[in-house]
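Asker: Build me a model from this:
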Amino acid sequence: MASAMRIRDVHIRDLLRRTPACPQPDLAGKVCSELATDLPDEDLGEDLNDCLALYELGSKPRCEEVEYLGMVQDAIDRIARGDRE
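Answerer: Numbering: from 1, shown residues only. Next up, the predicted model:
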């Protein structure tokens, strides 16, 4: 069980370490708006990288934490790739 926890911890830390390329402003606004709709109880701020950098591991239940960090990272990756959908 300890190794499973370590694998999950490494995975979450890896999410926190990724950085995107230079984003497109209109796309970034659209993606952030969609993310805010999906996470209405979260205060995401203007910079999604700040959400990950300032996030305190363990501040949410484990399953919610992984889902939240994954959704924020997916949004950052979408902006970096220039995906509109």
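Asker: what about Asp26, how many neighbours?
Answerer: Counted with other C-beta atoms under 10 Å, the neighbours of Asp26 add up to 9. From N, CA and C alone the C-beta is placed, and that goes for glycine too.
Asker: What strand or helix carries it?
Answerer: helix 25-38 (DSSP states H and E).
Asker: again with Asp41
Answerer: Short version, using DSSP H and E: Asp41 is in no helix or strand.
Asker: can you check Ala75 too?
Answerer: Element membership for Ala75, per DSSP H and E: helix 62-81.
Asker: now for that helix, which elements pack on it?
Answerer: Counting contacts by 3 or more C-beta pairs under 8 Å, 6 or more residues apart in numbering; DSSP states H and E, helix 62-81 packs against helix 2-17, helix 25-38, helix 48-54.
Asker: Point out where the chain drops to low pLDDT.
Answerer: 1-25, 84-85 (pLDDT under 70).
Asker: Pull out the buried positions in stretch 38-58.
Answerer: Neighbour-count burial for stretch 38-58, counted by 16 or more other C-beta atoms under 10 Å, picks out Leu39, Leu48, Asn49, Cys51, Leu52, Tyr55.
Asker: farthest-separated two in those residues?
Answerer: Leu39 and Asn49 (15.9 Å; C-beta to C-beta).
Asker: ok, so what distance separates Leu52 from Met71?
Answerer: 11 Å (C-beta to C-beta, to the nearest Å).
Asker: buried stuff in stretch 72-85?
Answerer: Those would be Val72, Gln73, Ala75, Ile76, Arg78, Ile79, Ala80, for stretch 72-85 by 16+ other C-beta under 10 Å.
Asker: Pick the one among these closest to Leu35.
Answerer: Distance to Leu35, by C-beta to C-beta, is smallest for Ala75 among the buried residues of stretch 72-85, at 4.6 Å.
Asker: coming back round to it: who are the packing partners of the helix holding Asp26?
Answerer: Applying 3+ C-beta pairs under 8 Å, 6+ apart, one finds that helix 25-38 contacts helix 62-81.
Asker: ok so, going back, export the buried residues of stretch 72-85 to a markdown table and tack on distance to Asp43?
Answerer: As requested, those are exported to a markdown table (distance: C-beta to C-beta, whole Å):
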| residue | distance to Asp43 |
| --- | --- |
| Val72 | 12 |
| Gln73 | 17 |
| Ala75 | 15 |
| Ile76 | 17 |
| Arg78 | 20 |
| Ile79 | 19 |
| Ala80 | 22 |
